[in-house]
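1. let me see the structure of the following:
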Amino acid sequence: MAFCRVSCTDLQAVFWRQWPGQPDVDDAVAVFRFQLPEQPFILPALVSLLQPDEINRADRYRRIDDRQRFVYARGLLRVLTGRYTHQAPEQVRFTKNANNKPALLVNSGWQINVSHSGNWILLAVGKVNLGVDVEQIQTAFSFDDILPTSFSPEEQAYVRAGTNSRRRFYQLWTRKEALIKATGKGMDDYFSQVPALDGLHRTESHIIGGQGDWQVTGFAISADYLGAVAYQVTVETPKFYTLESGLLVDSES
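-> This is a model prediction of the structure:
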């Protein structure tokens, strides 16, 4: 039986750098955040970067804000990976595994992942397998109903013991989601066994769908949004960047 090690922790403070527009090839893992415009609006030039299947997926969203999130997420992913792989954004070709994890069709050595919730998009690019998740802390969401099926007894006790149980729920949830996205396993019956509490865990490889050592790091994106990044352990720590709308303007020229 194969085992792997998973280390979980939180960053108490994140230094969000302004992205200079070109990748630092020395970054083993780079995490990017982008805040959507307050009023739902889709740049026509951003749509022009997408492939027909992506446009069809966008058109299936009935709500403009849902369509906006999808178009911006895919467009940003194209712009970023284009900069990393020296391609025009519209020339980037994606594929996906059985669990719909996006990957570059041509093996360039770079791994990608994207998540979006509410007004924030979170992306990651790196030289190792990685995954990201962002969640808006929903005050009206009743998470008690899914605690028994999604969390271990120890994790359930941790969530209920805190003065802010809701925030603790999302803290652990984003960690779990980021890890299974990094391995490409997806959510299944083992989700409650995917480790998420602070500390170093030794777990069976089939539970998370990957082997080796993994780091899962949680952080705040803004006051009401939590995120997490999971990646195969390297000596470098992730760099965190904020993307501005100017990146999209540049992509139009």
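2. what does residue 123 show for phi and psi?
-> phi -130, psi 160 (degrees, to the nearest 10).
3. leaving out the residues flanking it, which one is nearest to residue 75?
-> In this structure, residue 75 finds its nearest non-sequential neighbour in residue 46, 4.1 Å apart by CB to CB, 6 or more residues apart in numbering. Any C-beta I mention is one placed from the backbone N, CA and C, and that applies to glycine too.
4. quick one: the helices in the stretch 51-200 of the chain?
-> Using DSSP state H, counting those that start in this stretch, the helices of the stretch 51-200 of the chain run over residues 52-59, 64-85, 147-150, 153-161, 165-183.
5. can you tell me the SS state at residue 20?
-> Three-state assignment for residue 20 (DSSP: H, G, I helix; E, B strand; the rest coil): coil.
6. phi, psi for it please.
-> For residue 20, the backbone dihedrals (degrees, to the nearest 10) come out as phi -70, psi -10.
7. tell me how far it lies from residue 242.
-> Using CB to CB, to the nearest Å, residue 20 is found at 11 Å from residue 242.
8. name the residue in these two with the higher neighbour count.
-> residue 242 (13 against 8; other CB atoms under 10 Å).
9. quick revisit: how about the helices of the stretch 51-200 of the chain in TSV, adding distance to residue 206?
-> Putting the helices of the stretch 51-200 of the chain into TSV (distance: least, CB to CB, whole Å) gives the following:
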stretch	distance to residue 206
helix 52-59	31
helix 64-85	29
helix 147-150	18
helix 153-161	19
helix 165-183	10
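10. can you tell me which of the ones you listed is nearest to residue 29?
-> Residue 29 lies closest to helix 165-183 among those, at 10.3 Å (CB to CB).
11. tell me what the closest one is packed against?
-> strand 3-10, strand 111-117, strand 130-136, helix 147-150, helix 153-161, helix 205-208, strand 213-222, strand 225-232 (3 or more CB pairs under 8 Å, 6 or more residues apart in numbering; DSSP states H and E).
12. check the offset of the fifth one from the chain's centre.
-> So that's helix 153-161. 24 Å (CA atoms, centre = their mean, to the nearest Å).
13. need the residues that contact that helix.
-> For helix 153-161, contacts defined as CB atoms under 8 Å, 6 or more residues apart in numbering pick out 143, 147, 148, 151, 165, 168, 169, 172, 192, 196, 197.
14. show me what contacts residue 169?
-> Residue 169 makes contact with 143, 147, 159, according to CB under 8 Å, 6+ apart.
15. what's the burial count for the last one?
-> Read it as residue 159. Residue 159, neighbours per other CB under 10 Å, totals 22.
16. so for it, what's the nearest residue that isn't a sequence neighbour?
-> Counting by CB to CB, 6+ apart, residue 159 lies nearest to residue 168, which is 4.7 Å off, once chain neighbours are set aside.
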